[in-house]
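>>> Below is the sequence, then the predicted model.
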Amino acid sequence: MAVVVLACGHCGFPPSLASVSFGPGVELRWDRSLCDHGPKTLFPGGGTSTSVILLGGPDPESQIRLADAALGAGVHPLRLRVLESGRLFRDPTAAIVPHVRAAVSRLAQTPRLDGAPLRETSRFRGHVPRRFFLNPLHRYSEVVPQVDAGRCRPGCDLCVRACPTSAFTAGSPPRLDPTKCVSCAACLPACPRGALGLAGGDFPIVEREVETLADGPGLSLLVGCADSMRRLPDGVLDSTRWRVLELPSLGSLRPMEILRLLAKGFSQIVSVQAGDCCARGLHGFAVAGAFLNGIGRPGLISTWDLDVTRVPPAGRSGVPTPPLAATLPETAAEVISSGCFALPGRGAALVGVAADRCTMCRLCAERCPSGALRIEETADGSARLAFDHASCDGCGLCRDVCPEHAVTVRLGVDTEAAGRLEILKEDAWVLCAACGNRVAPKEMVARIASRMSLPMSLDLCPDCKPRRAFELLRR
């Protein structure tokens with residue numbers, strides 16, 4: 001894979017970068033005024049097979065001129081990475097090296113680009129260039145999520161609920177309107193079945209970049225979207241303390257995925273936020289931070305609010321990263337022997353059932369995408385509704401589908417419930433009086449019987465019921 005790194009001198013990048021080695025296959029192109037006179041000669045032979053890493057400076061217009069040169073030469077939008085890291089550090093040369101190497105490792109993991117869905121936009125990384133007002137037809141392309149219909153479960157609308165711009169329309173599978181999508185990827189963690197993907201931005205690719213960034217002890221990882229990164233002051237970070245990761249939004253990762261990034265070797269993760277960016281406080285970083293507080297590991301994940309302070313938070317020390325299991329409840333059980341605490345969003349939940357209202361209709365178990373709710377058969381032939389806390393991420397589909405409003409969902413973790421199945425309801429089957437086959441749970445039959453006035457027995461299966469109805473009509 002050929003990679004070209006573009007660095008402009010008057011955008012703040014020193015000529016000493018020209019002597020830095022970023023690894024095999026990576027070429028640095030530096031000029032004292034690259035963004036002014038370089039774009040026309042950057043890619044004389046075209047760049048369709050080239051990946052480009054653009055070191056962003058303080059002026060977004062200069063950044064866009066270089067990006068236009070790459071895109072105009074045929075570089076695919078997914079092969080163009082913009083790094084704000086050089087602008088953010090007091091010592092840009094030292095900071096650029098690990099970030100460029102991490103970007104190269106991520107680009108190497110980018111899948112085939114054939115068929116990757118894109119949307120057109122007048123903005124480049126959220127900024128509308130001045131030239132747009134002279135040429136309003138000029139457009140950029142950004143990748144949008146793609147639905148895997150084979151994994152999508154009918155009746156689930158979690159991506160529809162999670163989308164902040166109402167770009168999804170419910171269906172099987174849901175339909176995405178690219179004109180409404182802003183490529184924030186908030187729909188990805190909302191889907192518990194992994195039916196949504198983002199070319200070049202799925203978690204294994206992000207994880208690979210973070211592994212490369214974790215190149216020393218005691219480092220903190222600063223995470224934010226493009227908009228929040230642009231609002232950070234120039235030279236605010238120290239390269240001996242910080243590494244920077246840009247995401248489509250803070251809502252693009254699950255809490256467990258964030259903990260996996262922390263476990264790569266960072267002393268803390270700080271999400272940066274400004275204004276109403278990234279659904280303030282309602283994202284996986286807030287949930288992961290609350291989880292760590294609940295298990296007695298405070299401060300490992302925190303938020304830097306630029307509306308409150310322009311100074312980065314102090315580094316953490318002495319708080320060990322917890323050993324990770326497959327889920328939040330199982331991880332908590334590894335760290336604390338007993339404990340129960342709430343979470344501010346999806347990640348883990350406790351499901352309860354009002355036994356006096358539940359009819360064992362099984363709709364909740366059928367709708368559950370993770371298998372946390374299931375119907376089991378006992379040795380005596382009864383049916384029981386079982387709940388596995390370790391598998392539940394609190395999506396709420398079970399609660400919403402219950403016709404009797406008997407299901408409750410409480411976001412949080414209970415370590416004592418993490419390793420066992422809880423029986424929420426148990427009921428015997430009503431057997432068909434004619435053939436002996438199962439009809440329905442007794443509670444359901446009793447509930448239906450109490451609401452009926454027809455002189456028809458409810459102890460018949462669907463095959464025998466028509467024959468009994470015919471006999472009644474003949475009388």
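Happy to help now that I have it.
>>> who's in contact with Glu257?
189, 203, 207, 284 (CB atoms under 8 Å, 6 or more residues apart in numbering). Where you see a C-beta, it was placed from the backbone N, CA and C, and this is true even at glycine.
>>> For Ala290, list the residues it contacts.
341-344.
>>> Roughly how far does it sit from Glu207?
22 Å (CB to CB, to the nearest Å).
>>> quick revisit: out of the contacts of Glu257, flag the one nearest to Leu42.
The closest of the contacts of Glu257 to Leu42 turns out to be Glu207 (CB to CB; 31.3 Å).
>>> Surely that closest one touches Leu259?
No - at 11.7 Å, Glu207 and Leu259 do not qualify as touching, with contact defined as CB atoms under 8 Å.
>>> Neighbour count: those two, which is higher?
Under the neighbour definition other CB atoms under 10 Å, Glu207 and Leu259 were set side by side, and Leu259 has more, 23 against 16.
>>> Helix, strand, or coil at the more buried one?
Counting by DSSP: H, G, I helix; E, B strand; the rest coil, the backbone at Leu259 sits in helix.
>>> Could you break this protein into its assigned domains?
Domains of the chain are assigned by automatic domain parsing as 1-83, 118-197, 349-427, 431-474.
>>> out of these, which comes closest to Asp91?
That would be domain 1-83 among the domains of the chain, by CB to CB, at 10.2 Å.
>>> Kindly indicate which of the contacts of Glu257 lies nearest Arg112.
Distances from Arg112 to the contacts of Glu257, taken by CB to CB, are shortest for Phe203, at 18.2 Å.
>>> okay, that closest one: pLDDT?
You'll see Phe203 listed with a pLDDT of 95.
>>> ok, it touching Pro248?
No - the pair Phe203 and Pro248 does not pass the contact test of CB under 8 Å, sitting 11.8 Å apart.
>>> re the thing from before, any of the contacts of Ala290 buried? List them.
With burial judged by 16 or more other CB atoms under 10 Å, the buried subset of the contacts of Ala290 is Leu343.
>>> which of the contacts of Ala290 sit farthest apart?
Phe341 and Pro344 (10.8 Å).
>>> So for the helix or strand in which Ala365 is found, what gets flagged as buried?
Ala365 is part of helix 363-367 when elements are defined by DSSP states H and E. Under the neighbour-count criterion of 16+ other CB under 10 Å, helix 363-367 has 363-365, 367 buried.
>>> if we can go back for a sec, any chance of the contacts of Ala290 in JSON lines, with distance to Thr93, pLDDT and secondary structure too?
Shown next, in JSON lines, are the contacts of Ala290 (distance: CB to CB, whole Å; pLDDT from 0 to 100; DSSP: H, G, I helix; E, B strand; the rest coil):
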{"residue": "Phe341", "distance to Thr93": "45", "pLDDT": "97", "secondary structure": "strand"}
{"residue": "Ala342", "distance to Thr93": "46", "pLDDT": "97", "secondary structure": "strand"}
{"residue": "Leu343", "distance to Thr93": "42", "pLDDT": "97", "secondary structure": "coil"}
{"residue": "Pro344", "distance to Thr93": "40", "pLDDT": "95", "secondary structure": "coil"}
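>>> Tell me the one among the contacts of Ala290 nearest to Pro111.
Closest to Pro111, out of all of those and judged by CB to CB, is Leu343, at 32.7 Å.
>>> Excluding chain neighbours, give the residue nearest to the closest one in space.
Using CB to CB, 6 or more residues apart in numbering and skipping the chain neighbours, the partner closest in space to Leu343 is Leu411 (4.7 Å).
>>> re earlier: quick one: which of the domains of the chain is nearest Glu211?
Among the domains of the chain, domain 1-83 sits nearest to Glu211 (CB to CB), with 15.0 Å.
>>> now the helices for the stretch 151-300 of the chain?
158-162, 187-190, 203-213, 226-231, 255-262, 284-294 (DSSP state H, counting those that start in this stretch).
>>> out of those, which comes closest to Ser49?
Proximity to Ser49 (CB to CB) singles out helix 203-213 among the helices of the stretch 151-300 of the chain, at 19.5 Å.
>>> who does that closest one touch, helix- and strand-wise?
If you count contacts as 3 or more CB pairs under 8 Å, 6 or more residues apart in numbering; DSSP states H and E, helix 203-213 packs onto helix 92-109, strand 242-246, helix 255-262.
>>> and with 6 Å instead?
helix 92-109 (3 or more CB pairs under 6 Å, 6 or more residues apart in numbering; DSSP states H and E).
>>> who does the helix it packs on touch, helix- and strand-wise?
strand 50-55, helix 85-88, helix 203-213.
>>> Kindly recompute the last result at 7 Å.
Counting contacts by 3 or more CB pairs under 7 Å, 6 or more residues apart in numbering; DSSP states H and E, helix 92-109 is packed against strand 2-8, strand 50-55, strand 80-83, helix 85-88, helix 203-213.
>>> Provide the strand pairings for the second one, with the direction of each partner.
So the one you mean is strand 50-55. In the sheet, strand 50-55 lines up against strand 2-8 (parallel), strand 80-83 (parallel) (DSSP bridges).
>>> from the chain's centre, how far out does it sit?
25 Å (CA atoms, centre = their mean, to the nearest Å).
>>> Rounded mean pLDDT for it, please.
Per-residue scores along strand 50-55 average to 91.
>>> Beyond it, next helix or strand please.
Beyond strand 50-55 toward the C-terminal end (DSSP H and E), the next one is helix 60-72.
>>> same deal with the first one?
Toward the C-terminal end, the helix or strand that comes next after strand 2-8 (DSSP H and E) is strand 26-31.
>>> isn't Cys156 right next to Cys395, touching?
No - the criterion here is CB atoms under 7 Å, and Cys156 misses it with Cys395 at 8.2 Å.
>>> Pull up the overlap in contacts between those two.
Overlap of the contact sets of Cys156 and Cys395 (by CB atoms under 7 Å, 6 or more residues apart in numbering) consists of Pro369.
>>> Of all the helices and strands in the chain, which has the lowest average confidence?
Taking mean pLDDT, DSSP states H and E as the measure, the chain has helix 465-474 as its least confident helix or strand, at a mean of 68.
>>> follow-up on the earlier one: now render the contacts of Ala290 as JSON lines, adding distance to Arg438.
Shown next, in JSON lines, are the contacts of Ala290 (distance: CB to CB, whole Å):
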{"residue": "Phe341", "distance to Arg438": "41"}
{"residue": "Ala342", "distance to Arg438": "40"}
{"residue": "Leu343", "distance to Arg438": "39"}
{"residue": "Pro344", "distance to Arg438": "43"}
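>>> and which of the contacts of Ala290 is nearest Glu84?
The closest of those, once distances to Glu84 are taken by CB to CB, is Pro344, at 28.4 Å.
>>> For this structure, give me the ranges with low pLDDT.
Scanning the chain for pLDDT under 70 picks out 37-40, 44-48, 277-281, 453-457, 469-475.
>>> so where do the helices sit in the stretch 301-450 of the chain?
Under DSSP H, counting those that start in this stretch, the stretch 301-450 of the chain gives helices at 328-335, 363-367, 397-401, 442-450.
>>> Looking at those, which one is packed in the most?
With neighbours taken as mean count of other CB atoms under 10 Å, those reach their highest mean count in helix 328-335, at a mean of 23.
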